Each structure stands twice: as C-alpha cells, then as structure tokens.
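# Build me a structure from this.
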Amino acid sequence: MRCTSIAIVLFAVLLAACSGSEEQVRMEIPPPKKAEPAITPPSAEREFTFNERYFIKNASIDDPENIDDALQAIRVIQLKEGRNQVLVISSFDKLAESSLETWFGIEMPSFSPGTYQLKDARQIAFYRFYLGDERKRIDGESFEGTITIEEEKDGYLTGYIDATVNGVTKSFEEESKPVRVTFSGSFRIQEVKLEDTMMKRR
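Residues are numbered from 1 along each chain as shown. Reported below is the predicted structural model:
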C-alpha cells in the first residue's frame, strides 16, 4: 500500500514537471521592408557637333557680291530680309597642319520638325577655307543628303545634318578642280534677329 502511494506521488510530480516545462513558441513575422526609392543618375548633357552661328526667321540668302559695306564680307554667307528661314552653321577644325573654317547656309520656307532633302531647299551656300600654308577655298555647287529638325525650343533649333557637297576648289596656286566633301553631325543653333548678324562699325 505504501509503495502504491509513493508511485502515485512520483507520477503526479513527473506529470507536473513535464507540463510546467512546455514552452510556447511564437513565430514573429518581421515587418515588410520599405522599398528604397531608386536613385536615377542625372542624364548627361547632350553634346552637339555644331553649336556656332545662327538661325534667322524672315530672311533669305543673298548673292555674295551684293555687299555695299566691305565690312560685311566677314560674314561669309550674306543674308537679307525675306519670307523664308535661314540656318547658318559654322565650324572650326584642324586637319594636319591646316585649320579649316566651314560655313553652311540653308534657306527653307520653314524649319518645322521633320526630315528634308537638301535638294528641296530654296537656297544653299557652302564655303570651306583652308587657313594653313596651302591656302585655298571650296565653294559648294550642288548638295545631296538630308537635314532633320528635332525641335525649336527655348530659342534654339536642334537637329542633324548629313550632307555631301559637290564643290570646286579656288586657289591662287593651282587651277580649280572638282571636289566632294561631307558635312555631318548634330547641331544646336541659337535663333537671332537678322540685324544681329550684321557686322557693326564702332
């Protein structure tokens, strides 16, 4: 009888110990991480092949011989008042020991966005000067290729020109001969008034 009582007590103690040591395990779900805003690097400023010279409205390309003031000869492509628009691009480059100065003028009814054939322009003028020891000039006579206008915004005309110029050389040292040159690249040219293109005396 005594052994039975002891056994019952031990069983009760063991049962209590097992139930008291049970652990409650809770699964904690971590809060969702906030998505970090994507960092967009600043876009690189676009570089243009040509930035020099001007875009003029209500103008036309004039005959280069119609110069009343010799000072205006510095403005290689002569302009006058007209009903069209004129884009003049100039560039200054190095070729071996020579320096090149190029002027390209295109007259069209409008330079609205789009792609145009150069052969459809109202007038085109092209001059390239070789300013090294061997001085000569190339005068453009006919033109192939296209000009693409992207936009006119904030006082600037932007686009791309891809032209082939059929011209002739002019030099004191040698006879004239035919030559073909290319003129290609993107441009961003500022709009100015016709009177602001004039060379002014002080």
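# Going by C-alpha atoms from here, please, whenever you check contacts or count neighbours.
OK.
# Can you tell me the closest non-neighbouring residue to F92?
Distances taken as Cα to Cα, 6 or more residues apart in numbering place E101 nearest to F92, at 4.7 Å, with adjacent residues excluded.
# quick one: contacts for that neighbour?
Listed by Cα atoms under 8 Å, 6 or more residues apart in numbering, the contact set of E101 reads 90-93, 128-131.
# at 10 Å instead, please
E101 sits next to 90-94, 127-131, 137 when contact means Cα atoms under 10 Å, 6 or more residues apart in numbering.
# For it, give its distance to Q85.
Separation of E101 from Q85 (Cα to Cα, to the nearest Å): 23 Å.
# Dump the helix or strand hosting Q190 to PDB, keeping only the CA atoms.
According to DSSP states H and E, Q190 maps onto strand 178-191. Extracted in PDB, the C-alpha atoms of strand 178-191 (Å, rounded to 0.1, in the frame of the first residue of the first chain):
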ATOM      1  CA  PRO A 178      36.000  69.500-108.600                       C
ATOM      2  CA  VAL A 179      35.900  68.000-105.100                       C
ATOM      3  CA  ARG A 180      33.400  66.200-102.900                       C
ATOM      4  CA  VAL A 181      33.200  66.800 -99.100                       C
ATOM      5  CA  THR A 182      30.900  65.600 -96.400                       C
ATOM      6  CA  PHE A 183      29.400  67.700 -93.600                       C
ATOM      7  CA  SER A 184      27.500  65.700 -91.000                       C
ATOM      8  CA  GLY A 185      26.600  65.900 -87.300                       C
ATOM      9  CA  SER A 186      24.100  67.100 -84.800                       C
ATOM     10  CA  PHE A 187      23.500  70.800 -84.200                       C
ATOM     11  CA  ARG A 188      22.000  73.200 -81.700                       C
ATOM     12  CA  ILE A 189      21.900  76.700 -83.100                       C
ATOM     13  CA  GLN A 190      20.500  79.800 -81.400                       C
ATOM     14  CA  GLU A 191      17.900  81.900 -83.100                       C
END
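# what pLDDT, on average, does it get?
When pLDDT is averaged over strand 178-191, the result is 97.
# just use 29 as the starting number from now, easier for me
Understood, numbering begins at 29; the last thing we discussed is strand 206-219.
# Return the set of buried residues in it.
212, 214-219 (16 or more other Cα atoms under 10 Å).
# coming back round to it: can you classify the residue nearest to F120 by secondary structure?
In three-state terms, and counting by DSSP: H, G, I helix; E, B strand; the rest coil, E129 is strand.
# Bridge partners for it, pull those for me.
F120, F157 (DSSP bridges).
# three-state assignment of D224?
helix.
# Could you check how many residues crowd around it?
For D224, the neighbour count with other Cα atoms under 10 Å is 10.
# go on, G183?
So G183, with other Cα under 10 Å, has 12 neighbours.
# can you give me the strands in the protein?
80-89, 107-123, 126-136, 142-145, 151-158, 164-181, 184-198, 206-219 (DSSP state E).
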